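Student: Give me a model of this one.
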Amino acid sequence: MLHEAEIEIPFIEPNQVLVKLKASAVNPVDYKIRSGFMQAQLPKNFPFTLGWEGAGVITSLGTEIKNYKIGDEVILMPNFLQGGTYAEYVAVNADEIIRKPADLEFENAATLPVAWSTAWTALVKDINIRPQQNILILGAGGAVGKMAVQIAKKYGLNVTGTATGEDIITLETFRIDEVIDYKSTDIASLKKKFDVVLDLVGGEFLKKAYALVKKGGSIISTTQFPDTEMLSKYSIHGKMTFTTMDKTAFDQLFIWLDKDEIQLKSPDIFELHQAKEALALVENRKIKNKIIFKF
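Tutor: Numbering: from 1, shown residues only. So this is what the prediction gives:
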């Protein structure tokens, strides 16, 4: 049960900074953890402050912090054991923050850590995508999917993605090669084979995806571990990706943003006291844009 409460400003460890948040984001993992769905993977003792991405200003430094100063504007993604961005202040480890470009608004910056880091970790670090590969992105219309499409196109891949409704139009502005409307087309009917499948959906979509990968190709999921029997059956590789905050990834993102080569979709703005409503919208998939709490 999500409820609002007054809590103390977090204590920081020597390797942490205290950040006064200007914006933080709502993600599907929030309601999964709140409901206990991920208790086996990410055990929590409740009450617990949700939230795993945001942007704000450093107000206090741990004794071991040398590369940041009070007043620095940062983007952050606390690890999944800590969380804490559904609050005005959050304590975060030094390797989980990135300096925010001065011309990037806090609200837009707060949409980036999970989506960009997840897409980059999966495609660049885990799969090591290469030009001319054919990739299928399941869930291309979501926040991670939109980033993954743009990364794959920048790396010279031929990109197919699943989406529906207005997301199809958005993906076409990213110059995606093909969009499959998953409401009208069963991906199991596809004849094309792919070098890489990036699964952002799981469940039945992932079950159908194994047969779509070329022999020797790869399937990577952000939702669950690929089935080893299915990998063996189709002679393909598989992995579940675990998101990390990577400075190299953000250095590249900021270069592309500065050149207007990556598009950010404006978020929907909520107040923190609307957290219950915001999380319900995400859980019931009744949102078109990412939800940001503005402080």
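Student: What segments of the stretch 1-150 of the chain are strands?
Tutor: With DSSP state E, counting those that start in this stretch as the criterion, the stretch 1-150 of the chain has strands at 16-25, 54-61, 73-76, 89-93, 97-99, 134-138.
Student: Give me the distance between the fifth one and the centre of its chain.
Tutor: The chain centre lies 16 Å from the centre of strand 97-99; the measure is Cα atoms, centre = their mean, to the nearest Å.
Student: same for it, what does it pack against?
Tutor: The contact analysis (3 or more Cβ pairs under 8 Å, 6 or more residues apart in numbering; DSSP states H and E) places strand 97-99 against strand 73-76. Quick note: C-beta positions are derived from backbone N, CA and C, even for glycine.
Student: Just checking: what are the partner strands of the strand it packs on?
Tutor: Strand pairing for strand 73-76, determined by DSSP bridges: strand 54-61 (antiparallel), strand 97-99 (antiparallel).
Student: With Ser266 as the reference, name the closest of the strands of the stretch 1-150 of the chain.
Tutor: Comparison of those against Ser266 by Cβ to Cβ identifies strand 16-25 as nearest, at 12.4 Å.
Student: Figure out which of the strands paired with strand 73-76 is closest to Gly84.
Tutor: Comparing the strands paired with strand 73-76 by Cβ to Cβ, strand 54-61 comes nearest, at 9.1 Å.
Student: For that closest one, buried residues please.
Tutor: 54-58, 60-61 (16 or more other Cβ atoms under 10 Å).
Student: Give the buried residues for the lowest-mean-pLDDT helix or strand in the chain.
Tutor: Least confident helix or strand of the chain, by mean pLDDT, DSSP states H and E, is helix 28-34 with a mean of 78. Buried residues in helix 28-34, counted by 16+ other Cβ under 10 Å: 28-31, 33-34.
Student: Report the two of those separated the most.
Tutor: Largest separation among the buried residues of helix 28-34 by Cβ to Cβ: Pro28 and Arg34, giving 10.8 Å.
Student: Of the strands of the stretch 1-150 of the chain, which stretch is the most buried?
Tutor: Among those, ranked by average contacts under mean count of other Cβ atoms under 10 Å, first place goes to strand 134-138 (a mean of 26).
Student: and the residue nearest to Thr243 when sequence neighbours are not counted, what is it in contact with?
Tutor: Excluding the flanking residues, the one nearest Thr243 by Cβ to Cβ, 6 or more residues apart in numbering is Thr118, at 4.5 Å. Applying Cβ atoms under 8 Å, 6 or more residues apart in numbering to Thr118 gives the contacts 144, 147, 222, 241, 243.
Student: If we only consider the residues you listed, which is nearest to Ser24?
Tutor: Of the contacts of Thr118, the one sitting nearest to Ser24 (Cβ to Cβ) turns out to be Thr243, at 16.4 Å.
Student: Please tell me how far that closest one sits from Tyr31.
Tutor: Per Cβ to Cβ, to the nearest Å, Thr243 is found 17 Å from Tyr31.
Student: still on that earlier bit, now render the strands paired with strand 73-76 as a markdown table, adding mean pLDDT and distance to Glu229.
Tutor: Formatted as a markdown table, these follow (pLDDT from 0 to 100; distance: least, Cβ to Cβ, whole Å):
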| stretch | mean pLDDT | distance to Glu229 |
| --- | --- | --- |
| strand 54-61 | 98 | 40 |
| strand 97-99 | 97 | 39 |
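Student: Let's have the ones you listed in JSON lines, adding distance to Lys154.
Tutor: Listed next are the strands paired with strand 73-76 as JSON lines, based on distance: least, Cβ to Cβ, whole Å:
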{"stretch": "strand 54-61", "distance to Lys154": "23"}
{"stretch": "strand 97-99", "distance to Lys154": "19"}
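Student: Which segments of this protein make up each domain?
Tutor: Residue ranges for the domains of the chain, per automatic domain parsing: 16-111+265-294, 114-240.
Student: With distance to Phe250 added, can I get the ones you listed in TSV?
Tutor: Shown next, in TSV, are those (distance: least, Cβ to Cβ, whole Å):
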stretch	distance to Phe250
domain 16-111+265-294	5
domain 114-240	7
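Student: Nearest to Lys247, out of those domains?
Tutor: When the domains of the chain are compared by Cβ to Cβ, domain 16-111+265-294 sits nearest Lys247, at 6.3 Å.
Student: tell me how far the ends of the closest one are from each other?
Tutor: 23 Å (Cα to Cα, to the nearest Å).
Student: residues in contact with stretch 267-279?
Tutor: Contacts of stretch 267-279 (Cβ under 8 Å, 6+ apart): 2-4, 25-26, 30-31, 34, 50, 86-88, 107-108, 110-111, 287-295.
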